[in-house]
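**Q** sequence and predicted structure below; questions after.
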Amino acid sequence: MVQACRGKSSQSDALSFVLQCYSRKGLFMGALDVSRKMRVIGCTPSVHACNALLDVLQRGNQIKLAWCFYGAMIRDGILPDKFTCSLVGHILRRDGKFERIVKLLDMAAFCRLNELHHRKLDPSFSTYGSILDGACKCGNVEVIDRVMAEMVDKGLLPKPPLSECGSTIQKLCDLGNVNAATMFFERACDERIGLQDATYGCMLKAFSKEGRVEEAIGLHRMIIERGITIKNSAYHAFVDLLCEEDQPEDRYGILRDIMRRGFSPSTSNLCKCISSLCAERKWGEVEELLNVVLEKGLLPDSLSCYSLVEHYCSSRQIDKVMALHNKLEKSEASLDVTTYNRILDGLVKEGRIEESIRVFDYMKGLKLVNSASFTVIIRGLCHAKEMRKAMKLHDEMLNMGLNLIKQHIKA
């Protein structure tokens, strides 16, 4: 394709396209190889192609390669554009070169902008935000104050900077600059500046996505205390965080409170939380959270339900088993056949034959019976001297092509 292109300009365009394709697919080594070959044959990549490669390098934390390539861009006389400036800001932040950032900002632009005044390019809010975020992360007060002053001068921040901090916080959160957003948020709280409910939601979502558990929980408590209403998207991110492994012990209480405020988590998140509580044998918390789940018309996964039923049966809390079954029956929900069989077994062992038959009939209505189900209920009827009913069920079982399980019969 490249050989078919006539002239350096056409070859440069074609190879720039190839370079961009490699970069967008994350194949930065291939893109670097294309760039090297272009230099050998005297072709110059477009600034858009260079930006694509710089972007994939900085996203992959390939800082040394990014600086090498950026140096090659300058040597080849490729004029950076506004996006290049933003990318360089991101790379400097990742590299921790804050002093160099300030020097670049003092020049009001990157790379030759003083020489090309008529094409002056100012760094964007995104660039400054990224630099400010890095400075906040490292606690570099001098850089923070300098960058904020630059942003005020360029109209990227109001004067004074905290006068519209709600919108600033939301912008920074949207850009992923959580450290900078936190700095503005804390200053606003310290100075008792009123913030919109949406700002609290943005911060909760940002903390959650960053995995900052303590800060997210602390902010959630503040939201409840102040009666703030936030969007479900913020709660989704927060619940995702709470349902991860190794999270605080009081997470079930937080999750319960969130649900009672009207939020319905995804079934997968509920399953994670309830499964974790079952593994920790915190049955009281499991029951409490399960009640909230059932009130919402949801149902946890089968493993969690079986764990709870097994706990009830082994501790001879059969009344709780039946209470759970009654709730499910009322809401027209169901468990899996393995869990139902464990319920049948628990009822039969306690001599509660009538209730076991009622559960068995419910299972048949759901077409959730198997050989083990028939075996358990027939065994119970035999022990209760209900031989006619046992024979009737045995005939029904055979008609369905099922057979008794000897192990259960001996039991």
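**A** Noted; the coordinates are in hand.
**Q** buried residues in the longest helix belonging to the chain?
**A** Longest helix of the chain, by residue count under DSSP state H: helix 7-24. Buried residues in helix 7-24, counted by 16 or more other C-beta atoms under 10 Å: 11, 12, 13, 14, 15, 16, 18, 19, 20, 22, 23. Heads up, the C-betas are built off the backbone N, CA and C, glycines and all.
**Q** dump these to JSON lines, plus pLDDT.
**A** Converted to JSON lines, the buried residues of helix 7-24 look like this (pLDDT from 0 to 100):
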{"residue": "11", "pLDDT": "78"}
{"residue": "12", "pLDDT": "80"}
{"residue": "13", "pLDDT": "84"}
{"residue": "14", "pLDDT": "85"}
{"residue": "15", "pLDDT": "87"}
{"residue": "16", "pLDDT": "88"}
{"residue": "18", "pLDDT": "90"}
{"residue": "19", "pLDDT": "90"}
{"residue": "20", "pLDDT": "89"}
{"residue": "22", "pLDDT": "90"}
{"residue": "23", "pLDDT": "89"}
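**Q** which neighbouring elements make contact with the longest helix of the chain?
**A** Judged by 3 or more C-beta pairs under 8 Å, 6 or more residues apart in numbering; DSSP states H and E, the packing partners of helix 7-24 are helix 28-40, helix 47-59.
**Q** and the first one, what's buried?
**A** Using 16+ other C-beta under 10 Å as the test for burial, helix 28-40 gives 28, 31, 32, 34, 35, 38.
**Q** closest to residue 63 among these?
**A** Checking the buried residues of helix 28-40 against residue 63 by C-beta to C-beta gives residue 28 as the nearest, at 12.3 Å.
**Q** ok, now how distant is the closest one from residue 181?
**A** Distance, residue 28 to residue 181, using C-beta to C-beta, to the nearest Å: 30 Å.
**Q** quick one on the thing from earlier: can I get the helices and strands packed on helix 7-24 in JSON lines with mean pLDDT and distance to residue 337?
**A** JSON lines is the format used below for the helices and strands packed on helix 7-24 (pLDDT from 0 to 100; distance: least, C-beta to C-beta, whole Å):
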{"stretch": "helix 28-40", "mean pLDDT": "89", "distance to residue 337": "52"}
{"stretch": "helix 47-59", "mean pLDDT": "90", "distance to residue 337": "48"}
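**Q** residue 131: which element?
**A** Using DSSP states H and E, residue 131 sits in helix 125-138.
**Q** tell me what that helix is packed against?
**A** Packed against helix 125-138 by the contact rule (3+ C-beta pairs under 8 Å, 6+ apart) you find helix 82-95, helix 98-106, helix 141-153, helix 165-174, helix 178-190.
**Q** let's see that with 6 Å instead.
**A** helix 82-95, helix 141-153, helix 178-190 (3 or more C-beta pairs under 6 Å, 6 or more residues apart in numbering; DSSP states H and E).
**Q** identify the residues contacting the strand or helix carrying residue 201?
**A** For residue 201, the host element (DSSP H and E) is helix 197-209. Helix 197-209 is contacted from outside by 166, 169-170, 173, 178, 185, 215-216, 219, 223, 228-231, 234, 237-238, 241, using C-beta atoms under 6 Å, 6 or more residues apart in numbering.
**Q** related to what we said a few turns ago, pick the most buried one from the helices and strands packed on helix 125-138.
**A** Most buried of the helices and strands packed on helix 125-138, by mean neighbour count (mean count of other C-beta atoms under 10 Å): helix 82-95, with a mean of 22.
**Q** quick one: mean pLDDT over that one.
**A** Mean pLDDT, helix 82-95: 74.
**Q** same question, stretch 172-179
**A** 92.
**Q** now swap in stretch 279-290 and tell me
**A** Taken as a whole, stretch 279-290 has a mean pLDDT of 83.
**Q** just checking, residue 264 touches residue 297?
**A** No: at 8.7 Å, residue 264 does not count as touching residue 297 under the criterion of C-beta atoms under 6 Å.
**Q** comparing those two, which residue is more hemmed in?
**A** residue 264 (15 against 10; other C-beta atoms under 10 Å).
**Q** give the helix, strand or coil label for the more buried one.
**A** Following DSSP: H, G, I helix; E, B strand; the rest coil, we place residue 264 in the coil state.
**Q** any stretches of the stretch 301-411 of the chain with poor pLDDT?
**A** Scanning the stretch 301-411 of the chain for pLDDT under 70 picks out the ranges 406-411.
**Q** where along it do the helices fall?
**A** Ranges of helices in the stretch 301-411 of the chain, per DSSP state H, counting those that start in this stretch, are 302-314, 318-330, 337-349, 353-365, 371-383, 387-399, 406-410.
**Q** and the third one, what does it pack against?
**A** Counting contacts by 3+ C-beta pairs under 6 Å, 6+ apart, the secondary-structure elements packed against helix 337-349 are helix 302-314, helix 318-330, helix 353-365, helix 371-383.
**Q** where in the stretch 101-250 of the chain is pLDDT low?
**A** For the stretch 101-250 of the chain, the stretches with pLDDT under 70 are 101-123, 245-249.
**Q** repeat that with 50
**A** Filtered on pLDDT under 50, the stretch 101-250 of the chain yields the residue ranges 105-121.
**Q** now residue 76, nearest residue through space, not along the chain?
**A** Distances taken as C-beta to C-beta, 6 or more residues apart in numbering place residue 44 nearest to residue 76, at 6.0 Å, with adjacent residues excluded.
**Q** quick one, phi/psi of that neighbour?
**A** The phi/psi pair for residue 44 (degrees, to the nearest 10) reads phi -120, psi 120.
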